[in-house]
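Enquirer: pasting the structure only:
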């Protein structure tokens, strides 16, 4: 389910489990000074924001990769075919060298 995916993604990314979060008041009850408790609460809220949005960013990145992968593969094959058809053609610029370099890399 979606919550399991978010839990696994948060574990892999190094985010803490939301059940482990404490409030500012709980920190102050533990004897932590108010400025330090405020700073810890702000940091905790920042981490919660990142944790909530991390899965969205990951999904968007994977969609881009899935869409661009076939396009780049098509361009690669087109480059290879164009290179083999025109490698004997004389040209004023080193396009054949660039194409060969792209194919080798």
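Expert: That came in fine, so what should we check first? Quantities reported herein were computed from a predicted structural model and do not represent experimental measurements.

Enquirer: what residue of this protein is the furthest out?
Expert: residue 90 (42.8 Å; CA atoms, centre = their mean).

Enquirer: that residue sits in which helix or strand?
Expert: Following DSSP states H and E, there is no helix or strand that holds residue 90.

Enquirer: and the one helix or strand residue 42 maps to, what does it pack onto?
Expert: Element membership for residue 42 (DSSP H and E) is helix 34-86. Under the contact criterion of 3 or more CB pairs under 8 Å, 6 or more residues apart in numbering; DSSP states H and E, the helices and strands touching helix 34-86 comprise helix 2-13, helix 24-29, helix 95-104. C-betas here are computed from N, CA, C, even on glycine.

Enquirer: the ones you listed: lowest mean pLDDT?
Expert: Averaged per stretch, pLDDT over the helices and strands packed on helix 34-86 is lowest on helix 2-13, reaching a mean of 62.
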